[in-house]
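Q: Could you look at this predicted model? Sequence included:
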There are 2 protein chains.
Amino acid sequence: MHSFFASRPCSLRPHFKAHKTPAIAHRQAAAGCVGFTTATLGEAELLADEGFDDLLIANEICDPTKMQRLADLAGRVALTVAVDSSEAVDLIKGTGVRVVVDINVGMPRCGVAPEGALGVARAAADAGLELVGVMGYEGHATVIEDIAERAKVARASMAILIGVADELRAQGFAIDIVSGGSTLTYDVTGGTEGVTEVQAGSYALMDTEFAKSSPFEEALQCLTTVLSTQGRLAVLDAGLKTMTIDHGNPKLPEDVSADVLYLADEHTSLVVREGFDAKPGERMWLRPSHVDPTVNLHDRLYAFRDERVEEVWPVSGRGYG
Amino acid sequence: MHSFFASRPCSLRPHFKAHKTPAIAHRQAAAGCVGFTTATLGEAELLADEGFDDLLIANEICDPTKMQRLADLAGRVALTVAVDSSEAVDLIKGTGVRVVVDINVGMPRCGVAPEGALGVARAAADAGLELVGVMGYEGHATVIEDIAERAKVARASMAILIGVADELRAQGFAIDIVSGGSTLTYDVTGGTEGVTEVQAGSYALMDTEFAKSSPFEEALQCLTTVLSTQGRLAVLDAGLKTMTIDHGNPKLPEDVSADVLYLADEHTSLVVREGFDAKPGERMWLRPSHVDPTVNLHDRLYAFRDERVEEVWPVSGRGYG
């Protein structure tokens, strides 16, 4: 991922929410990136404590009780925050943050409709906030498995975003940042003329859902212990409190003759096929389906190479913030 | 829940996994219970530290690296562990724990088939482990919404369990404990002659899924902030890292004119109806669909009465263990 962006005018701004792990962020910085993206204020505060000084909170911050923290952080680092309404602008007015206008480029989440972007930009200027760019997340493209179709949708999203940037420039706004996502569209989005930054997070660890149609490999696995084998059923000692299933059940390694049946709080039940011979007490890996909320369940990651643990990395960004 | 069991021969043994919160456990103990149930060794260690001395780990412990911890805990409290195979027996042999034979009463998870119970009981005896009873979890009954049908399935499960208890007694084993679940079957299971203990956890906090067909009321809610309102769409600042969706999306309060569309890591998108007038920065409650893994995402619970926070309770049992 980093080598793709090394030779381009577009920069990589890795999304910290995917791993919440400073040890990984430092490796990403060493591999080259323009700064970091976060989903929460707490993640940005942590990255500032880690010495990173160019941070984009790719999200609206509207909780009135967070404004002093936001102002404090803006006094320490170059901090940019997304806005998509005059109300969001009013809430962060006076914190000293820079802002990007968050544009809805097709996904039903935050972001003003393209035709409303100018109004938000003017509200920001009126509020004395420095407008530095626009962002739009083509998340609706990332769920498309067919690579050609996904690229088409991502291109259409970026065309919307660049159109808004041009419109704002025509109105006199200095739009330096045009920021999109993601791990599954990095080559299309990062290769689009006019896009200046790509927010990608999952590539560092990956999961079964994203790895289905991506050149990046799964690094995240969960080590479990077999609890029970009874007939065609086997049970592992990790469940919903260890891996999330919002992108589907975790998967077993290819060489295990079994399929995941379902997850309970502390169990994963398997239906076994001929050749399954694991016994209670033996170890078994599971491959999570969604890296971000799964890492968020854990206090630390064990970094291993050749079956040997080399380092233990605190997931310091875990928790609400 | 506690008053139901106060007047019966059957005892309540609340399941700590549902809330992982010592402050709630102390309230449960004050309301009367025979001891606590846990899903993990770590939860049992925490409860021992909290002064509780009669603990059932209603799960097999098969991780070879946990055996010293198991032995240490068995030296401090009356500790009972589930076994469902000779392998599970062999692994905990020598730890000094008491055991219950875990019987599969119809749910595809841990538990030996009824016809294998005697073999496991003999393996336990041969290994020098004190066998004190049997347990069986009628989890497949709890997912049945129709109360009469659910009761029928729960009764059938308990009949299997009591049949095994009788068979083991006939072979000379002292079966003092016959333990089943749960919040959704407590009255049937707890009212079945021969069942001595009920493991129920969700009743203390409840969630939208269990509250659909239960006399217990939802106490757990998540306080969010509105981030964005654009046309028919609104977005809240809490998502998959705040509430799990394995039992479905969280629900809005009845008086909010909107429906949950989907959850992302840090967002809940809503489709709003006529009358929805919340603005960015306003607060909005969400009602989680599954209490156990949702509480597990948080480091603390805020206990409030009449919109005033009375206490802050650490979720000390959060994390793997």
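A: Looks like it came in fine.

Q: Can you pull the residues of the stretch 101-250 of chain A lying near chain B?
A: Listed as neighbours of chain B in the stretch 101-250 of chain A under the rule Cβ under 8 Å from any Cβ of the partner chain: A:104, A:108-113, A:116, A:139, A:225-231, A:233, A:235, A:237, A:240-242, A:244-246. No exception for glycine: its C-beta is placed from N, CA and C like everyone else's.

Q: Which ones among the residues you listed map onto helices?
A: Of the positions in these, residue A:139 sit in helices, assigned by DSSP state H.

Q: Now residue A:29. Nearest residue, chain neighbours left out?
A: Closest residue to residue A:29 apart from its sequence neighbours, by Cβ to Cβ, 6 or more residues apart in numbering or on different chains: residue A:52 at 6.8 Å.

Q: residues contacting the one you found?
A: With contact taken as Cβ atoms under 8 Å, 6 or more residues apart in numbering or on different chains, residue A:52 is in contact with A:25, A:29, A:35-36, A:77.

Q: those strands in the stretch 201-321 of chain A, which residues are they?
A: Per DSSP state E, counting those that start in this stretch, the stretch 201-321 of chain A carries strands over the ranges A:222-230, A:233-236, A:258-263, A:268-272, A:283-286, A:300-305, A:308-314.

Q: isn't residue A:10 right up against residue A:198?
A: Yes: under the criterion of Cβ atoms under 8 Å, residue A:10 lies in contact with residue A:198, with a separation of 6.2 Å.

Q: So for whichever strand or helix holds residue A:120, mean pLDDT?
A: Per DSSP states H and E: residue A:120 is located in helix A:117-126. Helix A:117-126 shows a mean pLDDT of 98.

Q: how far out from the middle of the chain is it?
A: The chain centroid and the centroid of helix A:117-126 are separated by 27 Å under Cα atoms, centre = their mean, to the nearest Å.

Q: Ok, stretch A:4-11 next?
A: Here stretch A:4-11 shows a centroid-to-chain-centroid distance of 19 Å under the convention Cα atoms, centre = their mean.

Q: quick one: buried residues of that stretch?
A: Neighbour-count burial for stretch A:4-11, with 16 or more other Cβ atoms under 10 Å in any protein chain shown as criterion, is recorded at A:4-5, A:10-11.

Q: Restrict it to CA atoms and write it as CSV.
A: Output of stretch A:4-11 as CSV, limited to C-alpha atoms (Å, rounded to 0.1, in the frame of the first residue of the first chain):
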residue,chain,number,x,y,z
PHE,A,4,1.7,2.4,-4.4
PHE,A,5,1.5,5.9,-3.0
ALA,A,6,5.3,6.5,-2.9
SER,A,7,5.4,7.3,-6.6
ARG,A,8,2.2,9.3,-6.9
PRO,A,9,1.0,12.8,-6.3
CYS,A,10,-1.7,11.4,-4.1
SER,A,11,-0.8,10.7,-0.4
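
Q: got a list of contacts for it?
A: If you take Cβ under 8 Å, 6+ apart as the criterion, stretch A:4-11 is touched by A:12, A:32-34, A:186-187, A:190-192, A:195-198.

Q: Check those and tell me the two furthest apart.
A: The span of those, defined through Cβ to Cβ, is set by A:32 and A:192 at 20.0 Å.

Q: So between the two, which is more surrounded?
A: In this comparison of residue A:32 against residue A:192, neighbours counted by other Cβ atoms under 10 Å in any protein chain shown, the higher total goes to residue A:192 at 20 against 12.

Q: Sketch out the helices for the stretch 151-300 of chain A, chain order is fine.
A: A:186-190, A:208-211, A:291-295 (DSSP state H, counting those that start in this stretch).

Q: Work out the gap between the last one and the centre of the chain.
A: Pointing back at helix A:291-295 there. Taking Cα atoms, centre = their mean, one finds helix A:291-295 lying 10 Å from the centre of the chain it belongs to.

Q: Residues contacting it from elsewhere in the structure, which ones?
A: If you take Cβ under 8 Å, 6+ apart as the criterion, helix A:291-295 is touched by A:17-21, A:201-202, A:205-207, A:210, A:220, A:222, A:242-244, A:246, A:288, A:301, A:315, A:318, B:240-241, B:265.

Q: 7 Å instead?
A: Judged by Cβ atoms under 7 Å, 6 or more residues apart in numbering or on different chains, the contacts made with helix A:291-295 from elsewhere in the structure are A:17-20, A:202, A:205-207, A:220, A:243-244, A:246, A:288, A:315, B:240-241, B:265.

Q: on that earlier part again, I'd like to know how far the residue nearest to residue A:29 sits from chain B.
A: In this view, residue A:52 and chain B are 19 Å apart by Cβ to the nearest Cβ, to the nearest Å.

Q: What is the three-state secondary structure of that residue?
A: Three-state assignment for residue A:52 (DSSP: H, G, I helix; E, B strand; the rest coil): coil.

Q: Domain ranges for chain A, per the record?
A: Under automatic domain parsing, the residue ranges defining each domain of chain A are A:2-207, A:222-287.

Q: Reformat those domains as CSV; add distance to residue B:283.
A: CSV is the format used below for the domains of chain A (distance: least, Cβ to Cβ, whole Å):
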stretch, distance to residue B:283
domain A:2-207, 9
domain A:222-287, 25
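
Q: quick one, which of those domains is nearest to residue B:182?
A: domain A:222-287 (12.0 Å).

Q: Any idea which helix or strand in chain A has the lowest mean pLDDT?
A: Each helix and strand of chain A was given a mean pLDDT (mean pLDDT, DSSP states H and E); the minimum falls on helix A:208-211 at a mean of 92.

Q: For the residue in chain A sticking out farthest from the centre, which non-adjacent residue is spatially closest?
A: Among the C-alpha atoms of chain A, the one farthest from their average position, using Cα atoms, centre = their mean, is that of residue A:231, at 40.6 Å. The spatial neighbour of residue A:231 that comes closest, neighbours along the chain excluded (Cβ to Cβ, 6+ apart), is residue B:113 at 7.2 Å.

Q: Can you show me the helices along the stretch 1-150 of chain A?
A: A:2-6, A:22-30, A:41-49, A:67-74, A:86-92, A:117-126, A:139-142, A:147-170.

Q: For the residue nearest to residue A:29, give its distance to residue A:103.
A: Distance, residue A:52 to residue A:103, using Cβ to Cβ, to the nearest Å: 25 Å.

Q: Throw the contacts of residue A:52 into JSON lines and include neighbour count and pLDDT, thanks.
A: Written out in JSON lines, the entries for those read as follows (neighbours: other Cβ atoms under 10 Å in any protein chain shown; pLDDT from 0 to 100):
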{"residue": "A:25", "neighbour count": "24", "pLDDT": "98"}
{"residue": "A:29", "neighbour count": "18", "pLDDT": "98"}
{"residue": "A:35", "neighbour count": "19", "pLDDT": "98"}
{"residue": "A:36", "neighbour count": "27", "pLDDT": "98"}
{"residue": "A:77", "neighbour count": "17", "pLDDT": "98"}
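
Q: Now render those residues as a markdown table, adding distance to residue B:45.
A: Output for these, formatted as a markdown table (distance: Cβ to Cβ, whole Å):
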| residue | distance to residue B:45 |
| --- | --- |
| A:25 | 33 |
| A:29 | 38 |
| A:35 | 42 |
| A:36 | 37 |
| A:77 | 41 |
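
Q: Give me the pLDDT value at the closest residue in space to residue A:198 that isn't next to it in sequence.
A: Counting by Cβ to Cβ, 6+ apart, residue A:198 lies nearest to residue A:190, which is 4.5 Å off, once chain neighbours are set aside. At residue A:190 the predicted local confidence, pLDDT, stands at 97.

Q: again with residue A:320
A: Residue-level confidence at residue A:320 comes out at 65, pLDDT.
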